[in-house]
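Peer 1: what follows is a predicted structure for the sequence shown.
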Amino acid sequence: MTKTEAIRPKPAAKKRADNHAMAPINARLTPEDKVELLRQMLRMRRFEQASLKFYNAGKMGGFLHVYIGQEAIAAGTVSLLGEHDHIITAYRDHAHALAVGMSMNECMAELFGKATGCSKGKGGSMHFFAPDKNYWGGHGIVAGQTPLGLGLAFGIKYKGLKGAALCFLGDGAVNQGCFSESLNMAALFNLPVIYIIENNRYSMGTSLERSSAVDRCLAQRAEAYGIDWALASGEDIYEVRAVTQKAIERAHHESKPMVIEFDTYRYYGHSVADANHKGGYRKEEEIEHYKNELDPIRTFKARLIAEKSLTEELYEAIDAEAKAEAAASARFADESPFPTVESVFEDVYFEVDRQTEAGRTGRFFFND
Amino acid sequence: MALIEYREALNQALSEEIERDPNVVLIGEEVAQYNGAYKVTRGLWKKYGDRRVVDTPISEAAFVGMGIGASMMGLRPVIELMFWSFATVAYDQIVNNAGQIRFMSGGLINCPIVIRGPANGGTNVGATHSHTPENWMAAIPGLKVVSPSNGYDAKGLLKTAIRDNDPVMFMENTLLYGEKCEVPQEEYLIPLGKADFKRRGKDVSLIAHGRSVLIARKAAELLAAEHDIDAEVLDLRSIRPLDEEAILETVSKTHRVVLVDESKPFCGVSAQISTLIMEKAFDELDAPVRRVCSLDAPAIYSPGVEHLQLPTPDRVIQKVREIC
Ligand SMILES: Cc1ncc(C[n+]2csc(CCOP(=O)(O)OP(=O)(O)O)c2C)c(N)n1
Ligand SMILES: [Mg+2]
């Protein structure tokens, strides 16, 4: 197998893009629906740009992994989900959170480590959750979420529901053992789990070709387990939707797993601490290429304008609104209080929090 | 009352909870068709079928993680580890997912899961299969750890563990599976966090859990018969939550303590209990706290030696006599 080119050929050739636009799941979109997809992607981007600004202003601690460049995947996949469909992802989790309907306020406040954050300031950037919106995180251990995704699918099937569990992971995460174990069990048990590999070509500073022996396609590993797979562009939101919809239908109707790999790219460093191209693991021209030629927001905007679903003015208005929403969320976060030190003893044990009989029996915490 | 084996008591607990709650599902290697590596799940697959009793491939990380994911969705999985020693390959799932998710989600997500199986040395299977990981697990706030010493306790504690809304690490013992004890016909539950006095005495307190309770009881009998020392035996039953009250009660009564703990001495359960006694009952002590643990080295295979690496009644008696 030959190594991939440093820069992949443009995936979204016009004809292919048109085919995906005509896929039933996309053909039935109204102009308003399409604008809504664009709006979601813009909200993700503006939110994260604001978060970077406030990170650099010293308002946050630790890591901040931004998703900028990959928005079509979270926006496209989540737009397809129904009542019994669930999602779970890794630490690059802000966009998925916004996509499922979490508010910018609770997300930004979590980044600021505030009590008003979605996890009360206890989880941070990598650990966003909204089980009421079928969003199960937000996981910091690379691939640690892949068996959990299996479990969500097990739960769906056990309860006799028609649903799917979408479990996202990176191109680096595919090399963790628990992912291979999960693929085997997904196939063996016919579980409706869809593993979505967001292949942004790097795991931190390690390029795809330096981490996977067979680097041309990661999804193909599914074949070893008899699981269907697809390799698609993650830059074209229509393609994301068309490919994912097929997997969801199969999960719903046949309770079968699937692996999808989306080609994508992140513009910023792995986390804010990463010097990015200046660190030497990738070239500035490569980043510029993706930004200029394959940006999911820019391409979709151009498409919508061409088909007259969108005007420049409307775009500007939506963008301004997204920026204002992000700025307001930062003010909300800034003005919110930090959690109390005592709150570390809350949310550890259910039974203790509820002061049930079980939570009142014996000692749970061992401070002096 | 019926005289039944420890494994049968566990089996009854599982069966009763499967019947009671449609969300209870047993998952693990060989639990269904093979009836369990140690026959704890004997007959359950035949009785309840594929949906409730699920055989898995040898993929601890994936099936433990799957159970955790399913528990987040409201199921109550009971995961069998063929040996608790194998938790090492699922450690990330247990510690980072089961142990942290409630906290990291600000209380939005619960993991009502039980992970159970034998956790003991003494069966000549070498170091990889002889770990006693109570302390590895109890060191994680968010996890609970239980270790019953007899069938009666095992049944009542397992039923409670399954109904508990937090992740419970349930540690059994292959050397106890065949031990018989009286178990009532009617349903009963034993709370987690409640220790049990297995013998009352006034001269010294022997505090233990799991099979070490049997060692402590044996030592107590010999101390009474041969040395005129009246030992009290406190069975912790649950490590986290821990029955601090009972510990302080017995220390305040006898003023002398020997901790008997099959785990290793360094940062073991006994180290924690000894700290607790020092912090809370220093003035009650008439002698330093003594410990009898497994000898601090990897578990030896040799059938001629392994039992001597574990706590023995002789070693307990020796420590008691140093302070009485
Ligand atoms: C088990 C584990 N090992 C290492 C890390 C450190 N780490 C965090 S993200 C990352 C790279 C993962 O890359 P990939 O899966 O491609 O996802 P991406 O960051 O590109 O979204 C590494 C090595 C970790 N969090 N967990
Ligand atoms: Mg990557």
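Peer 2: Cool, the structure landed. Source: prediction; values computed, not measured. Ligands and ions are numbered 1, 2, ... in the order given.
Peer 1: so who does A:P337 touch?
Peer 2: A:114-116 (Cβ atoms under 8 Å, 6 or more residues apart in numbering or on different chains). The way it works is simple: take the backbone N, C-alpha and C, and place the C-beta from them, glycine included.
Peer 1: most neighbours among the residues you listed, which one?
Peer 2: A:K114 (22 neighbours; other Cβ atoms under 10 Å in any protein chain shown).
Peer 1: in this structure that one contacts A:R331, no?
Peer 2: No. Taking Cβ atoms under 8 Å as the definition, A:K114 is not a contact partner of A:R331, at 11.9 Å.
Peer 1: number of nearby residues for residue 155?
Peer 2: In the absence of a named chain, chain A is used. That count, for A:G155 with other Cβ under 10 Å as the rule, works out to 25.
Peer 1: right idea, wrong chain: chain B
Peer 2: 28.
Peer 1: doesn't B:P184 make contact with it?
Peer 2: No. Between B:K155 and B:P184 there is no contact under Cβ under 8 Å: 9.2 Å.
Peer 1: what residues go with each domain of chain B?
Peer 2: Using automatic domain parsing, the domain ranges for chain B come out as B:2-183, B:196-323.
Peer 1: I'd like those as a markdown table, with mean pLDDT appended.
Peer 2: Formatted as a markdown table, those follow (pLDDT from 0 to 100):
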| stretch | mean pLDDT |
| --- | --- |
| domain B:2-183 | 98 |
| domain B:196-323 | 98 |
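Peer 1: and the helices in chain B?
Peer 2: B:6-20, B:44-52, B:60-72, B:91-92, B:101-104, B:134-138, B:151-163, B:212-227, B:244-254, B:269-281, B:306-309, B:313-323 (DSSP state H).
Peer 1: could you identify which of these is most buried?
Peer 2: helix B:60-72 (a mean of 30; mean count of other Cβ atoms under 10 Å in any protein chain shown).
Peer 1: ok, and does that one reach over to ligand 1?
Peer 2: No. Against ligand 1, helix B:60-72 shows no contacts by Cβ under 6 Å from any ligand atom, the least distance being 11.5 Å.
Peer 1: may I have that helix as PDB, with CA atoms only?
Peer 2: Output in PDB follows, covering the C-alpha atoms of helix B:60-72 (Å, rounded to 0.1, in the frame of the first residue of the first chain):
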ATOM      1  CA  GLU B  60     -12.800  -7.100  29.100                       C
ATOM      2  CA  ALA B  61     -12.300  -3.500  28.100                       C
ATOM      3  CA  ALA B  62     -15.200  -3.700  25.600                       C
ATOM      4  CA  PHE B  63     -17.700  -5.700  27.600                       C
ATOM      5  CA  VAL B  64     -17.000  -3.800  30.800                       C
ATOM      6  CA  GLY B  65     -17.300  -0.500  28.900                       C
ATOM      7  CA  MET B  66     -20.400  -1.800  27.100                       C
ATOM      8  CA  GLY B  67     -22.000  -2.500  30.500                       C
ATOM      9  CA  ILE B  68     -21.100   1.000  31.700                       C
ATOM     10  CA  GLY B  69     -22.600   2.600  28.600                       C
ATOM     11  CA  ALA B  70     -25.700   0.500  29.000                       C
ATOM     12  CA  SER B  71     -25.900   1.500  32.700                       C
ATOM     13  CA  MET B  72     -25.900   5.100  31.600                       C
END
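Peer 1: which single residue of the stretch 101-250 of chain B ends up nearest ligand 2?
Peer 2: B:M104 (22.4 Å; Cβ to the ion).
Peer 1: wait, chain B
Peer 2: B:D92 (19.5 Å).
Peer 1: isn't that residue up against B:A62?
Peer 2: No. Counting by Cβ under 8 Å, B:D92 does not reach B:A62; the two are 11.4 Å apart.
Peer 1: any shared contact partners between the two?
Peer 2: Shared contacts of B:D92 and B:A62 (Cβ under 8 Å, 6+ apart): A:C178.
Peer 1: which element is A:Y195 on?
Peer 2: Element membership of A:Y195, judged by DSSP states H and E, is strand A:193-199.
Peer 1: output that strand as PDB, nothing but the C-alphas.
Peer 2: Taking Å, rounded to 0.1, in the frame of the first residue of the first chain, the C-alpha atoms of strand A:193-199 are listed here in PDB:
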ATOM      1  CA  VAL A 193     -23.700   1.500  16.700                       C
ATOM      2  CA  ILE A 194     -22.200   3.700  14.100                       C
ATOM      3  CA  TYR A 195     -18.500   4.500  14.600                       C
ATOM      4  CA  ILE A 196     -17.700   7.700  12.900                       C
ATOM      5  CA  ILE A 197     -13.900   8.300  12.400                       C
ATOM      6  CA  GLU A 198     -13.200  12.000  12.000                       C
ATOM      7  CA  ASN A 199     -10.000  11.700  10.100                       C
END
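Peer 1: what helix or strand does A:S182 sit in?
Peer 2: Using DSSP H and E, the element containing A:S182 is helix A:177-188.
Peer 1: by contact count, what packs against that helix?
Peer 2: helix A:145-158, strand A:193-199, helix B:60-72 (3 or more Cβ pairs under 8 Å, 6 or more residues apart in numbering or on different chains; DSSP states H and E).
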